[in-house]
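**Student:** No sequence on hand, only this structure:
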């Protein structure tokens, strides 16, 4: 195949992670090495910014190894993000015409889009539209999501770093909660609306000393309030400090989120939902009467780049580079993937997959990764998870805090 | 003075921190170097365990540099903790007699107690009781508290590491919240019931790139709900992503905690208080109507040893060693302190202070460390805080998570 000469553009979309910029760095590295790509533009706030022609010259900005290496260590989306999902070109012709106009204006032949499920849908639509309009364009999606719930890829960039942060934070909290002799329950609420991968990773806190959470509940299994109280009572009978991990998305058998079973009202009449951890905190307090606290790991679990997994960051860079190589070799309408190699020691390789096989599926934690009682994960699950959190990426500290890179406007 | 020969005992009391074990390591190191101290015992769960004769031979256990060094990197209280405060010996004669009995049985002449305000009170009472009963005992308190609210000492061991975790986490969240273009307010609730030192440290997130929280509210200034909404509106008019740090202990002028102005009720009728962050989240949602989220940094801020400050950890070791040296030189009924040296570059030295001057005071953030509007900290405050978070302590990672030491029973 004869090479396709022109410029490239890259965007970031969906929720931020600690590794989405590492993938951006991979695209920057891949494009810099490619003879057929002259300039790599970055679109601000994903497709939203592209439509406003809000583009920045990344080839010019990333002119030193130091800058690219800092980008790999900077959490969240350095180009900004958006939640916009393109409609079908039959219902929103105008938007597609505008895209084509800008592509032509900047002679863009390579379009890289880093994101989750919704972003892959955009990749597919754009690839098809360009083909239908005889504009030679290679559109490649590169996955990211802390939730690890995309199909086809063995795991998603960003997940390993979030999982590492959770394993380490839970390990440190296990030390903290164990200092007193009085019975106390700590409930840790972890991200994951539909998939329990991140919550499962809390089991890795036991690496080294064998002390992990007492109970782990994932959204893949119906949550039973009474069985939960019985489980907690049983744990309290063994030792005073009990720690429980729960996914934010746990639901009772009627399909209702546990987090929706409580609401808060303030002195001014405003109301809001409580969240799974808070509801279970109140429930244990009411039913058992011991000291209880809930901890929501919240935003830090997806942006704690200071504790990123080396496996995750280096794979995130590699999968970004692989996306560029796939596009150069002629692929379009595909997503780059990470594949786990066979063998005793963990290693990964990269591939691509049809977007159609990914776009609308959710990869849940398989039932055999969860114990029969539905309150812990199995050894097989741990074995899948462990390599993904291994290795560390040293932050560049300056006056006590990590240095980040901000892409100037 | 002729040296006092005998054994020593050490205990940890009050809430855990990332550095309380570093101080324990300092006591271990100090005692190992002291010719007059034969065996150092550790009491489990502070004075509670001492009364039960629950002692462990630390001199025997800490027989390698590797173990002591791991102790310096292990968060929370490796010996366990308690919240018990000794009553006066006139009202609880029995307890003091029991203490004296155990001291004699183990030939303990040195008593080290690592803790906060309440623990210092125990130190003073015990020192006086031994003196009155002609039992030669040197009782020295060594401070710890993430809150930094003890009198006399320039700052407290444990504070610098918590402050560093807060500065770094807020910095990472500032990256995270800035990715979207829609107006959104993030409220970060930080520990500190009476003193705002930890919340003030969130200002250090701007080191390097100049991007910090938009607003910072400490408990030292009355909180005004209307002024707060006006402040948030004004910040939103400058940029879409607004981040606000608040102390858990902020109070309105009538003395009521903001966190008490809301309550949550679950489907089962259990009720609990909301906390400052949650109440303000609901308030902003109701008054301004934009996207709002609240993040409670919770337990990780006091136990995140993986991100400990080197300044804090090395000073925590040194102040522990200094406590041992003070006792050997004849002091009793005192607390070891950290003193900031004069000069352009930060350095510290160690001293002791009368417990009486410490026991019941709370060191708040001075008014001139807070701006006139009461919604930010001053440059002077930053200058005080910055050296305390500098430097890093590399955790010993094993299969992706830090290695901790557990003192076996």
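**Tutor:** Ah, there it is. Treat the numbers as computed from the prediction; the structure is a model and nothing was measured.

**Student:** Name the residues of the stretch 101-250 of chain A found near chain B, please.
**Tutor:** A:164, A:167-169, A:171-173, A:175-181, A:186, A:204-205, A:207-209, A:211 (CB under 8 Å from any CB of the partner chain). (Each C-beta comes from the backbone N, C-alpha and C, glycine too.)

**Student:** Tell me which of these fall in helices.
**Tutor:** The helices, defined by DSSP state H, take in A:164, A:167-169, A:171-173, A:175-177 from those.

**Student:** Around the residue nearest to residue A:403 when sequence neighbours are not counted, count how many other residues there are.
**Tutor:** Nearest in space to residue A:403, with sequence neighbours left out and distances taken as CB to CB, 6 or more residues apart in numbering or on different chains, is residue A:396 at 4.4 Å. Neighbourhood size, residue A:396 [other CB atoms under 10 Å in any protein chain shown]: 13.

**Student:** who's in contact with residue A:396?
**Tutor:** Neighbouring residues of residue A:396 by CB atoms under 8 Å, 6 or more residues apart in numbering or on different chains: A:70, A:73, A:402-403.

**Student:** Mind doing that once more with 10 Å?
**Tutor:** Counting by CB atoms under 10 Å, 6 or more residues apart in numbering or on different chains, residue A:396 touches A:66, A:69-70, A:73, A:402-405, B:208.

**Student:** try residue A:33
**Tutor:** Counting by CB under 10 Å, 6+ apart, residue A:33 touches A:321, A:324-325, A:328.

**Student:** Could you measure from it over to residue A:114?
**Tutor:** Remark: distance between residue A:33 and residue A:114 (CB to CB, to the nearest Å) = 18 Å.

**Student:** again, but for residue A:331
**Tutor:** 16 Å.

**Student:** Now the buried members of the contacts of residue A:396.
**Tutor:** Neighbour counting with 16 or more other CB atoms under 10 Å in any protein chain shown marks A:70, A:73, A:402-405, B:208 as buried within the contacts of residue A:396.

**Student:** ok, so of these, who is nearest residue A:8?
**Tutor:** Closest approach to residue A:8 among the buried ones among the contacts of residue A:396 (CB to CB): residue A:405, at 20.0 Å.

**Student:** show me the contacts for the closest one.
**Tutor:** Contact analysis of residue A:405 by CB under 10 Å, 6+ apart lists A:21, A:25, A:61-62, A:66-74, A:78, A:396, B:175, B:209.

**Student:** what about 6 Å?
**Tutor:** Going by CB atoms under 6 Å, 6 or more residues apart in numbering or on different chains, residue A:405 touches A:70-71, A:74.

**Student:** Can you lay out these as TSV showing secondary structure and distance to residue A:123?
**Tutor:** Below are the contacts of residue A:405 laid out as TSV (DSSP: H, G, I helix; E, B strand; the rest coil; distance: CB to CB, whole Å):
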residue	secondary structure	distance to residue A:123
A:70	helix	28
A:71	helix	22
A:74	coil	24
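
**Student:** give me the subset of the residues you listed touching chain B.
**Tutor:** Counting by CB under 6 Å from any CB of the partner chain, nothing from the contacts of residue A:405 sits close to chain B.

**Student:** Can you show me the helices along the stretch 51-200 of chain A?
**Tutor:** With helices called from DSSP state H, counting those that start in this stretch, the stretch 51-200 of chain A shows them at A:58-61, A:65-71, A:93-105, A:117-132, A:159-177, A:197-200.

**Student:** How much space separates the residue positioned nearest the centre of chain A from residue A:192?
**Tutor:** Most central in chain A under CA atoms, centre = their mean is residue A:146, positioned 1.8 Å from the mean C-alpha point. According to CB to CB, residue A:146 stands 9 Å off from residue A:192.

**Student:** Sketch out the low-pLDDT regions of the stretch 51-200 of chain A for me.
**Tutor:** Within the stretch 51-200 of chain A, the set of residues satisfying pLDDT under 70 is empty.

**Student:** follow-up on the earlier one: got a list of what the closest residue in space to the residue nearest to the centre of chain A that isn't next to it in sequence touches?
**Tutor:** Closest residue in space to residue A:146, ignoring its immediate chain neighbours: residue A:162 at 4.1 Å, by CB to CB, 6+ apart. For residue A:162, the contact set (CB under 6 Å, 6+ apart) comprises A:146, A:198, A:301-302.

**Student:** Repeat that for residue A:345.
**Tutor:** Residues counted as contacts of residue A:345 (CB under 6 Å, 6+ apart): none.

**Student:** To which secondary structure element type does it belong?
**Tutor:** coil (DSSP: H, G, I helix; E, B strand; the rest coil).

**Student:** same check, this time on residue A:337
**Tutor:** Per three-state DSSP, residue A:337 ends up strand.

**Student:** Same question for residue A:38.
**Tutor:** strand.

**Student:** Please enumerate the helices of the stretch 251-400 of chain A.
**Tutor:** A:276-287, A:300-303, A:310-328, A:379-385.

**Student:** Pick the most buried one from these.
**Tutor:** helix A:300-303 (a mean of 27; mean count of other CB atoms under 10 Å in any protein chain shown).

**Student:** For that helix, give me every contacting residue.
**Tutor:** Outside helix A:300-303, the residues touching it (CB under 6 Å, 6+ apart) are A:17-18, A:75-76, A:146, A:162, A:165-166, A:191, B:169, B:172, B:176.

**Student:** Please identify which of the residues you listed is nearest to residue A:232.
**Tutor:** Of those, the one sitting nearest to residue A:232 (CB to CB) turns out to be residue A:166, at 20.6 Å.

**Student:** Report how many residues lie close to that closest one.
**Tutor:** 29.

**Student:** likewise residue A:366?
**Tutor:** The local packing of residue A:366 (other CB under 10 Å) involves 12 other residues.

**Student:** for it, what are its contacts?
**Tutor:** Counting by CB under 6 Å, 6+ apart, residue A:366 touches no other residue.

**Student:** Kindly list the main-chain dihedrals of it?
**Tutor:** When quoted as degrees, to the nearest 10, the phi and psi of residue A:366 stand at phi -60, psi 150.

**Student:** what's the distance between it and chain B?
**Tutor:** As judged by CB to the nearest CB, to the nearest Å, residue A:366 and chain B stand 22 Å apart.

**Student:** per-residue pLDDT, that residue?
**Tutor:** Residue A:366 is assigned 98 on the pLDDT scale.

**Student:** what does residue A:359 give?
**Tutor:** Confidence at residue A:359, expressed as pLDDT, is 68.

**Student:** if we can go back for a sec, have a look at residue A:331 and residue A:114 and say which one is more surrounded.
**Tutor:** Taking neighbours as other CB under 10 Å, residue A:331 and residue A:114 compare with residue A:114 leading, 34 against 17.

**Student:** which residues does the more buried one form a beta bridge with?
**Tutor:** residue A:12, residue A:142 (DSSP bridges).
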